[in-house]
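*Asks:* need a structure here:
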Amino acid sequence: MKLLFFGASDVGLVRLSNQDAHYIDKNGKFFIVADGMGGHAGGEEASRIATEEIQAYISENWDSPKTSPQLLEGALIQANAAILADQHEHPERADMGTTVVGVMFRNDEPYCVHIGDSRLYRFRSGQLEQMTEDHTWVSRAIKLGDMTVEEAREHPLRHVLSRCLGREEMQNFDIQQLDIQVGDILLLCSDGLTEELSNQEIVSQLQTHGSNLEQAAQNLIEAAKSKGGHDNITLILVAVEE
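*Replies:* All right, here's what the predicted structure looks like:
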């Protein structure tokens, strides 16, 4: 399986700092996007710690007998422990946390891990499908039938997370094996992109520039900024080729 990939991050037009972080393995083994929270210093630190710890754990255990789900689980547990340790050392960052969405290609079996509301999408045959389920209060309300998707997009509590890294009582994160075909494009992104752009607006950019991932990524960021750029915008595109 041959992969082409490109990632980019932008502070946006409102925030003074970028609390997002991302990591791309140079060999295309795994990809990570994290969106930190907890103030200027806290958010930046939480997302940085998460990406560095996940990268280190996966790299160190790549050839271990652990299954891919076990590898991803161990990586997030280590990242959460590192964030908690930093909180104890720096009480001023005690409320910091971060979302994580990651994709790993190991033994030709792609897996996704995520916690929070950063997302993974799959673009296939002109259709964009969200592969992850947001760990938010409004997402749960939608599942229970208490709120529509349209209502959720404007709800004042839409950013309230039900799960994230950086909590002693961290609940389970989601791990799933992915159905990937030649021609697919995966999009990992923070909510700074999806808060500004509709699915159709994302599709439009991928249909027009999907053969040039760098151009597609830059155009998606510029499109999000043209809609206000209220948050940091981070994304990784991964194209599956023969």
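
*Asks:* how about low-confidence regions in this protein?
*Replies:* 40, 141-146, 148-152, 154-158, 171 (pLDDT under 70).

*Asks:* Find the centremost residue of it, please.
*Replies:* residue 101 (3.4 Å; C-alpha atoms, centre = their mean).

*Asks:* how about that one, what does it touch?
*Replies:* 32-34, 112-114, 116, 118-120, 132, 188-189 (C-beta atoms under 8 Å, 6 or more residues apart in numbering). In this view, the C-beta of every residue, glycine as well, is placed from N, C-alpha and C.

*Asks:* And those, which two are furthest apart?
*Replies:* For these, the farthest-apart pair by C-beta to C-beta is 113 and 189; their separation is 15.2 Å.

*Asks:* quick one: which of these two has more around it?
*Replies:* Comparing residue 113 with residue 189 by other C-beta atoms under 10 Å, the one with more neighbours is residue 189, at 28 against 25.

*Asks:* before we move on, the earlier item: of the contacts of residue 101, buried ones?
*Replies:* Buried members of the contacts of residue 101, scored by 16 or more other C-beta atoms under 10 Å, are 32-34, 112-114, 116, 118-120, 132, 188-189.

*Asks:* Go through these and name the one nearest residue 223.
*Replies:* Nearest member of the buried ones among the contacts of residue 101 to residue 223, counting by C-beta to C-beta, is residue 189, at 12.4 Å.

*Asks:* what sits against the closest one?
*Replies:* For residue 189, the contact set (C-beta under 8 Å, 6+ apart) comprises 33, 101, 118, 119, 121, 233, 234, 235, 236.

*Asks:* Beta-bridge partners for the second one, please?
*Replies:* Beta-bridge pairing of residue 101, defined through DSSP bridges, involves residue 33, residue 114.

*Asks:* please renumber so the chain begins at 48
*Replies:* Yes, from this point I'll number from 48; that puts the last item at residue 148.

*Asks:* I'd like the distance between it and residue 234.
*Replies:* Shown here: residue 148 relative to residue 234, a distance of 10 Å by C-beta to C-beta, to the nearest Å.

*Asks:* quick one: common contacting residues for these two?
*Replies:* Residues touching both residue 148 and residue 234 (C-beta under 8 Å, 6+ apart) are 166, 167.

*Asks:* So which residues of the chain form helices?
*Replies:* Ranges of helices within the chain are 86-108, 115-136, 184-190, 196-201, 238-241, 246-256, 260-273, based on DSSP state H.

*Asks:* Residue 170: neighbour count?
*Replies:* 23.

*Asks:* now do residue 48
*Replies:* Quick note: residue 48 (other C-beta under 10 Å) scores 12 neighbours.

*Asks:* Next: residue 272.
*Replies:* Residue 272 has 18 nearby residues by other C-beta under 10 Å.

*Asks:* and residue 69, what does it touch?
*Replies:* Counting by C-beta under 8 Å, 6+ apart, residue 69 has contacts 54, 56, 78, 79, 80, 81, 98, 235, 281, 282, 283.

*Asks:* run the last query once more with 6 Å
*Replies:* Residues in contact with residue 69 (C-beta atoms under 6 Å, 6 or more residues apart in numbering) are 54, 56, 80, 281, 283.

*Asks:* correct me, but the first one touches residue 71?
*Replies:* Read it as residue 54. Yes: at 5.0 Å, residue 54 and residue 71 qualify as touching, with contact defined as C-beta atoms under 6 Å.

*Asks:* Put together CSV for the buried ones among the contacts of residue 148, with distance to residue 245 on each row.
*Replies:* Converted to CSV, the buried ones among the contacts of residue 148 look like this (distance: C-beta to C-beta, whole Å):
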residue, distance to residue 245
79, 25
80, 20
81, 24
159, 22
160, 26
161, 21
163, 21
165, 18
166, 14
167, 17
179, 18
235, 18
236, 14
